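[1] Build me a model from this:
(one chain, ligands or ions: 1)
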Amino acid sequence: MTERYFAYKGNVLMVEDVALDAIAEQFGTPLYVYSRAAFTDHLSQYVTTAEKYRTANLQSLTCYSVKSNSNIAILNLLAEQGAGFDIVSGGELSRVIAAGGDPHKVIYSGVGKTPSEIRLSLEYDILCFNVESLSELKRINRIAGEMGKKARISFRVNPDVDAKTHPYISTGLKKNKFGIPFEEVLSTYAEADALENVEVIGIDCHIGSQLLDDAPLLEALDKVINLVNQLEEKGIKLSHIDIGGGIGITYADEQPVAVPDYLSRVFARIAEWQKDYCPDRQITVMFEPGRSISGNAGILLGRLQYLKTNSGKHFAVVDAGMNDLMRPSLYEAYHGVKPVIKRSSPAKAYEIVGPICESGDWLARDRELAVEEGDLLAFMSAGAYGMSMASNYNTRGRPAEVLVDGQEVHLIRRRETPEDIFALETLVP
Ligand code: LLP
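    Model (predicted):
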């Protein structure tokens, strides 16, 4: 995915049909700005490709990964387009419900589900728990029993495949905390199969994020299919295969695999396997994409406050910091930086930093820019893991968020005030 919904018209950077300087004037900065068309276009790449391969026995469900961008207006938009949701907390489930999402299309991943989160999920009768350990399985079985329910489960297997991405967002290696170790998968399924209050319906894996090549994903898929066959021989018949999320986007000049190409390869493999092994059984293929839907659907707008030079190095201090967009400080991630209004004056190399009292508070390094104090800068490709990872560090209110639809601009989250931030705190009597 690229950022095609954020493009220059003359010297002015636009989002869809609206100039970004006008939006900044109206709503202030720092500000997250999203394109509705980008979200719907990115989701429809999953949905329409899956549709092409659909047969009576081969179904699919795209479960948008809520953690990548969880604003309820966005969840609502995607729910209306038929998306399911991949959640990792009770809080995310509450968001999906508030957004009008269908809990029967919710899958719940994560290594640390608490009893209250499991209870909430069972109350809403979510589609499936992606179980990550035997202890979790036993807890789900016990709670479902207490509630007189049967919990649908899948195991997240760790296929020991190298996703070849940043170590912090690589999850499918033996050494990572995620999933059931490959060699223990069969025995774990057998244990689950014997339990009273769970129904074993699927298998899933998620090997990492920002993958540019789909080879590791297809390698993981082959390993998962192999497991499904072995389970079948033991009399455990699964009805869904969930291959997780992970497809990357263009931040600088990366060329990630196109979503339709990747999905076509997944469906081709599954269809071929199904023909040989289980032609009469309905199989649902599931995906958990986050970044490839939200990443290039949003930017962060900041206003340049001060230009300063320390020992010959040029700094541009903006009003957005690591609390608003933490990816550069946390992963040394690259986000493109574009002036909202282009100047023709000569450019200089800047380190772009925020106002936070930490040397790690930088947003971009060594960028050639022609800028003056007061200019607006757009931090590109910030729709995924931007606002959802923002914090109140330094008692900074998190940015407002707007969603642009053609010529219309909708405020979908107002700016936090200091009072919002300390509203939950109390003085000692
Ligand atoms: N499914 C599971 C179980 C996940 O853990 C994740 C992301 C996804 C799906 C969605 O992956 P995606 O399609 O977005 O790659 N904060 C990091 C990314 C962390 C990803 C965590 N898991 C970043 O800013 O790059």
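[2] Check which residues of stretch 221-240 are buried.
    By 16 or more other C-beta atoms under 10 Å, the buried positions in stretch 221-240 come out as Leu221, Lys223, Val224, Ile225, Leu227, Val228, Leu231, Ile236, Leu238, Ser239, His240. Every C-beta, even on glycine, is put in place using the N, C-alpha and C of the backbone.
[3] then the helix or strand harbouring Asp276 to CSV, C-alphas only?
    Assigned by DSSP states H and E, Asp276 belongs to helix 259-277. What follows is helix 259-277, C-alpha atoms only, in CSV (Å, rounded to 0.1, in the frame of the first residue of the first chain):
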residue,chain,number,x,y,z
VAL,A,259,-2.3,-7.9,-1.1
PRO,A,260,-4.2,-9.4,-4.0
ASP,A,261,-1.1,-11.3,-5.1
TYR,A,262,-0.5,-12.6,-1.6
LEU,A,263,-4.1,-13.7,-1.1
SER,A,264,-4.2,-15.4,-4.5
ARG,A,265,-1.2,-17.5,-3.5
VAL,A,266,-2.8,-18.4,-0.1
PHE,A,267,-6.1,-19.4,-1.7
ALA,A,268,-4.5,-21.3,-4.5
ARG,A,269,-2.6,-23.4,-1.9
ILE,A,270,-5.6,-24.0,0.3
ALA,A,271,-7.9,-24.8,-2.6
GLU,A,272,-5.4,-27.4,-3.9
TRP,A,273,-5.0,-28.9,-0.4
GLN,A,274,-8.8,-29.0,0.1
LYS,A,275,-9.4,-30.7,-3.2
ASP,A,276,-7.1,-33.6,-2.1
TYR,A,277,-7.8,-33.8,1.6
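[4] which residues are contacting the worst-scoring helix or strand of the chain on mean pLDDT?
    For the chain, counting by mean pLDDT, DSSP states H and E, strand 180-181 ranks last in confidence among helices and strands (a mean of 92). Contacting residues not belonging to strand 180-181 are listed as Val131, Glu132, Ser133, Phe155, Arg156, Val157, Asn158, Lys174, Thr188 [C-beta atoms under 8 Å, 6 or more residues apart in numbering].
[5] who are the neighbours in contact with the third one?
    Looking back up the chat, that one is Ser133. Ser133 makes contact with Val111, Ile180, according to C-beta under 8 Å, 6+ apart.
[6] and the residue in the stretch 101-250 of the chain positioned nearest to the ligand, how many residues sit next to it?
    The nearest approach of the stretch 101-250 of the chain to the ligand comes at Gly245, 2.7 Å away (C-beta to the nearest ligand atom). Close neighbours of Gly245, defined as other C-beta atoms under 10 Å, add up to 26.
[7] for the one 4 residues further on, same thing?
    Applying other C-beta under 10 Å, we find 22 other residues in the vicinity of Ile249.
[8] So what's the residue count around the residue lying closest to it once chain neighbours are set aside?
    Closest residue to Ile249 apart from its sequence neighbours, by C-beta to C-beta, 6 or more residues apart in numbering: Gly295 at 4.2 Å. Using other C-beta under 10 Å, Gly295 has 28 neighbouring residues.
[9] can you pull the pLDDT of the closest residue to the ligand within the stretch 301-429 of the chain?
    Residue of the stretch 301-429 of the chain nearest the ligand, by C-beta to the nearest ligand atom: Tyr385 (3.2 Å). With respect to pLDDT, Tyr385 scores 98.
[10] tell me the contacts of it?
    The contact partners of Tyr385, by C-beta under 8 Å, 6+ apart, come to Lys67, Ser68, Asn69, Gly290, Arg291, Gly295, Arg327.
[11] distance of the fifth one from Val402?
    This points to Arg291. Relative to Val402, Arg291 is positioned 20 Å away (C-beta to C-beta, to the nearest Å).
[12] sorry, back to before: the residue of the stretch 101-250 of the chain closest to the ligand contacts Ser209, doesn't it?
    Yes - if you go by C-beta atoms under 8 Å, Gly245 and Ser209 touch, sitting 6.9 Å apart.
[13] Which residue, other than its chain neighbours, is closest to Ile247?
    Distance criterion C-beta to C-beta, 6+ apart; nearest residue to Ile247, sequence neighbours excluded, is Ser292 at 4.2 Å.
[14] My error: substitute Val318 in the last question.
    Residue nearest to Val318 in three dimensions, not counting chain neighbours: Gly302, with 3.9 Å by C-beta to C-beta, 6+ apart.
[15] so the one you found sits right up against Thr29, yeah?
    Yes - counting by C-beta under 8 Å, Thr29 is a contact partner of Gly302 at 5.4 Å.
[16] Just want to know which of those two has more residues nearby.
    Ranked by neighbour count (other C-beta under 10 Å), Gly302 and Thr29 place Gly302 first, with 29 against 22.
[17] Strands of the stretch 101-250 of the chain, start to end?
    Applying DSSP state E, counting those that start in this stretch to the stretch 101-250 of the chain gives strands spanning 106-108, 128-131, 151-158, 180-181, 198-204, 240-242.
[18] any idea which of those strands scores lowest on pLDDT?
    Here the lowest mean pLDDT among the strands of the stretch 101-250 of the chain goes to strand 180-181, at a mean of 92.
[19] Off-centre distance for the helix or strand Pro328 falls within?
    Using DSSP H and E, Pro328 maps to helix 327-331. Centre-to-centre, helix 327-331 and its host chain are 16 Å apart (C-alpha atoms, centre = their mean, to the nearest Å).
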